[in-house]
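1. Sequence and computational prediction follow.
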Amino acid sequence: MGLTFTSSSNSNTGNNQVPPEKVGDSDNEWLDAVEAGIKEKWTREFVAMFSSKLGAAEREEEAERRCREFMKRGGCKEAYTALDDCVHVEEAGILSPKCLERYTMMISCMYSHSDYYRPMLALHESCAQFFFKELSAFYAQEASNQKS
């Protein structure tokens, strides 16, 4: 499935923050570190939500399969399928403008059917909170560096 993120399972970001040593002077380094943190958080919570007690690789595959089934059983099957198809076709994946538009449509649909999609929306919101927390920390560090 093209919607999930993969990362290593050995995590030292239990407090949901990118370790300070990963936040460099460059915006790109910071974005890379935050992206890695979000991927790790997403994968950890996604696998916990949808997988059974199998080996690591099997857990991720099982989680992806169960997630696809879950998404297709709800009221947003068409929006999910359109996004999944887009991610498989577009070279930039979910970050392509076309796929981002479909992602926005799917999230909107999920909020319209929030009773069913509550677990996925909670994961989405958790990752968004992580991103904004890291963004705030980055700008605070930038402001501190400019004062020095």
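-> Structure's in. What do you need? Numbers count the residues shown, from 1 in each chain.

2. Distance of the residue lying closest to C109 once chain neighbours are set aside relative to L100?
-> Leaving out its chain neighbours, the residue that sits closest to C109 by Cβ to Cβ, 6 or more residues apart in numbering is C76, at 3.9 Å. Glycine gets a C-beta too; all of them are placed from N, C-alpha and C. Relative to L100, C76 is positioned 16 Å away (Cβ to Cβ, to the nearest Å).

3. More neighbours: these two, which one.
-> Neighbour count, other Cβ atoms under 10 Å: between C76 and L100, C76 has more, with 24 against 15.

4. measure the more buried one to G37 for me?
-> 27 Å.

5. Could you list the buried residues of stretch 80-92?
-> 80, 82-84, 86-87, 90 (16 or more other Cβ atoms under 10 Å).

6. ok, and for the longest helix seen in the chain, which residues are buried?
-> Using DSSP state H to define each element, the chain has its longest helix at helix 114-147. With burial defined by 16+ other Cβ under 10 Å, the residues of helix 114-147 counted as buried are 116-117, 120, 123, 127, 130, 134, 137-138.
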